[in-house]
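Novice: Need a 3D model of the sequence below.
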Amino acid sequence: MIPRDQPGEVRMIPIDQIEVINPRERNSHVFDEIVGNIKAIGLKKPIVVTPRSAVNGIEKYLRVCGEGRLKAFRSLGESTIPALVVNVSDEDAFIMSLVENIARRQCRPLELLAGIRQLQERGYTPKVIAEKTGLTQQYVQGILTLLHQGEERLVIAVEKGRIPLNAALTIVGAGDDDEAIQAALQEAYESGKLRGKRLMDARRIIERRKTLGRSAGRNMSGKIADVTTSSLVRTYQNEVERQKAMVRKAEFAQQRLMFVVGALRQMFADENFVNLLRAEGLSTLPRYLAERVWSGGSLV
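Specialist: Next up, the predicted model:
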């Protein structure tokens, strides 16, 4: 996003004179594709830089847009790169860099969505952020709500299209109350927000959110978050609760089975009932039940 009053000019800029601001981690597969495309057909779009004066008199540049292309050129052994040079302030350069990353059409990773929060922290309203990024104001406000609540798992799920934003906000509004969360899911289902695979995805995300926490397990630089004593205790407690729930379900199933077996034994003790079953050709039971109802495993 280049300011209209800053058309700039394209120059060949020495790569070692360009400083990268707001660097980010990059998917290796995507980066390899960028390198391959540039090697095969060249650079289709110049990067964007803004000039800065160095202490030793050599002009330096801040990279504004095109970090991936710059890294690709460097990896190919190039010493210069075509760049659109614009004169903007550090503030504008930072905003332009964030806006370019946020406004990408492909799925935006968490560290880029966090740029929306950075823009807000710099004093931009959701309306202005929406105008700068090409996103809707409702989407920006929703993402900000999730980010401020630390709901990284839900943010990623929304961006991947696994659950809609309004359903994620409904889940957040339910807090940590399991009944309220289930009621929120029911409401989302009845309103058509969550159906089929999306509903199943939402349930899995909620379960992981409950067991592993709201954070996605990575910090903003993409590194795995440090394991703390409290996080280990929380994970252990969650696992204990899950095991207890499984035991309760198993005990309930066993009680139901004992009730069914007892009822069948009483029914098969009635000779008239047994003769009726024989006459209808229904004198057998599934082996699992037969072995519990009759000592020999069959009606005889």
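Novice: Which helix in this structure has the most residues?
Specialist: Longest helix in the chain by number of residues (criterion: DSSP state H): helix 229-268.
Novice: Of all the residues in that one, which ones are buried?
Specialist: L264, F268 (16 or more other C-beta atoms under 10 Å). (Glycine included, C-beta is placed from N, CA and C.)
Novice: One more: stretch 274-287?
Specialist: Those would be L277, L285, for stretch 274-287 by 16+ other C-beta under 10 Å.
Novice: What separation do you get for Q141 and R117?
Specialist: Distance from Q141 to R117, counting by C-beta to C-beta, to the nearest Å: 12 Å.
Novice: Looking at those two, which one has more neighbours?
Specialist: Q141 (18 against 15; other C-beta atoms under 10 Å).
Novice: Nearest residue to the more buried one in space, ignoring adjacent ones along the chain?
Specialist: Distances taken as C-beta to C-beta, 6 or more residues apart in numbering put P126 closest to Q141, at 4.6 Å, once the chain neighbours are dropped.
Novice: didn't that neighbour look like it was pressed against Q137?
Specialist: Yes - using C-beta atoms under 8 Å, P126 is in contact with Q137, at 5.4 Å.
Novice: sec struct for K44, please.
Specialist: Classification of K44 by DSSP: H, G, I helix; E, B strand; the rest coil places it in coil.
Novice: The longest helix of the chain packs against which elements?
Specialist: Under the contact definition 3 or more C-beta pairs under 8 Å, 6 or more residues apart in numbering; DSSP states H and E, helix 229-268 sits against helix 197-212, helix 287-293.
Novice: one more time with 6 Å, if that's ok
Specialist: Counting contacts by 3 or more C-beta pairs under 6 Å, 6 or more residues apart in numbering; DSSP states H and E, helix 229-268 is packed against helix 287-293.
Novice: Check which residues of the helix it packs on are buried.
Specialist: Neighbour-count burial for helix 287-293 [16+ other C-beta under 10 Å]: R292, V293.
Novice: what's the spacing between it and its chain's center?
Specialist: 48 Å (C-alpha atoms, centre = their mean, to the nearest Å).
Novice: average pLDDT across that helix?
Specialist: Helix 287-293 shows a mean pLDDT of 74.
Novice: Stretch 13-21 now?
Specialist: For stretch 13-21, mean pLDDT rounds to 85.
Novice: so where is the stretch 51-200 of the chain shaky, pLDDT-wise?
Specialist: Under the criterion pLDDT under 70, the flagged ranges of the stretch 51-200 of the chain are 55, 101-112.
Novice: What segments of it are helices?
Specialist: Per DSSP state H, counting those that start in this stretch, the stretch 51-200 of the chain carries helices over the ranges 67-75, 90-102, 110-121, 126-133, 137-148, 152-159, 165-173, 178-190, 197-212.
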